[in-house]
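1. Requesting a structural model of the entry that follows:
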Amino acid sequence: MTKLLFKEERTLVIVKPDGVKRGLVGEIVKRIEQRGLKIVAMQMFQASKKDLSKHYSASDANLRAMGEKTLATYQKYNLDPVHEMGTDDAVKIGRMVHGWIVDFMASGPVIKMVVQGLHAVEMVRKITGGTLPSMAEMGTLRGDYSVDSPLLANAQKRGVRNIVHASGNNAEAEQEIKLWFTPKEIHSYTRAEEDIMF
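-> Next up is the predicted model:
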């Protein structure tokens, strides 16, 4: 890839309802911009469950993956998933977790943004930290500002409160950006220090 193509990499970031309600939007934007990435689109809005169901795929493969993560967590802590969730079927568990995530994301306003820059997907993932706050490194957004756990979230039948969503890879980023933004809403500009940084 050429230098220009790297510069054009884009990713989607969503500050989740817990991040908005806790007043962390500025900190999240600050960390993204300090890294040398630029925000080329941003909007506060209330997500509908219909759109969130497109964002968080309800395909059997995705539900199975969500369920298997949950089962792995229960195994790690020597807990019985049948006792805790009523089943040990990965797809059924994934369907429950999916519903809780959609409900959580629709529970309040969120900030959606498109972030652009060199290795934007990987850089934003480093800034946000691991999906599970209890396992996220200190110095990351989730490591510094969230202590939630999947066990507590499941017990309370809700999504994990982990402040922010960031696309997992380039294909996911492209799909998510198309879902949440029109091309006219995404802007182009040069940051003052780009000639020095790149």
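
2. Now do the contacts for T11.
-> The contact partners of T11, taken as CB atoms under 8 Å, 6 or more residues apart in numbering, are 114-116, 120-121, 124, 166-167, 173, 177. Every residue, glycine included, has its C-beta placed from N, CA and C.

3. Apply 6 Å and report the result again.
-> Shown in contact with T11 (CB atoms under 6 Å, 6 or more residues apart in numbering): 115, 120-121, 124, 167, 173.

4. pretty sure I111 is in a helix, no?
-> No - read with DSSP: H, G, I helix; E, B strand; the rest coil, I111 is strand and lies in no helix.

5. that older thread, so which of the contacts of T11 are in strands?
-> Cross-referencing those against strands under DSSP state E gives V115.

6. Out of the contacts of T11, which is nearest to Y189?
-> Closest approach to Y189 among the contacts of T11 (CB to CB): V115, at 13.3 Å.

7. Spatially nearest residue to the residue nearest the centre of the chain, not counting backbone neighbours?
-> Geometric centre of the chain, nearest residue: H165, 1.5 Å, by CA atoms, centre = their mean. Of all residues not flanking H165 in the chain, I14 sits nearest, at 4.1 Å (CB to CB, 6 or more residues apart in numbering).

8. Checking my notes, the residue nearest to the centre of the chain in a strand, right?
-> Yes - applying three-state DSSP, one finds H165 inside a strand.

9. how near is it to G108?
-> H165 sits 14 Å away from G108, going by CB to CB, to the nearest Å.

10. Can you tell me how far L179 is from A47?
-> From L179 across to A47, the span is 10 Å (CB to CB).

11. So for those two, which sits in the more crowded spot?
-> Taking neighbours as other CB atoms under 10 Å, L179 and A47 compare with A47 leading, 20 against 13.

12. That one in helix, strand or coil?
-> A47 - assigned by three-state DSSP - is coil.

13. what are the ranges of the helices in this structure?
-> 3-7, 17-21, 25-34, 49-55, 60-76, 81-85, 90-105, 120-128, 141-145, 150-155, 170-180, 194-197 (DSSP state H).

14. got the contact list for N170?
-> Taking CB under 6 Å, 6+ apart, we find N170 in contact with V121.

15. likewise L141?
-> 128-129, 163-164.

16. can you do 10 Å?
-> Shown in contact with L141 (CB atoms under 10 Å, 6 or more residues apart in numbering): 15, 19, 24, 27-28, 31-32, 124, 127-129, 133, 162-164, 166.

17. Flag the least confident of these.
-> For the contacts of L141, the weakest pLDDT value sits at P133, with 91.

18. Would you agree it is in contact with R142?
-> Yes - using CB atoms under 10 Å, P133 is in contact with R142, at 4.6 Å.

19. any common contacting residues for those two?
-> Common neighbours of P133 and R142 (CB under 10 Å, 6+ apart) are 148, 160-163.

20. ok, back up a step: which one of P133 and R142 has more residues nearby?
-> Neighbour count, other CB under 10 Å: between P133 and R142, R142 has more, with 26 against 22.

21. Next one: that one from G36, what distance?
-> 21 Å.

22. for M96, same thing?
-> M96 is 40 Å from G36, by CB to CB.
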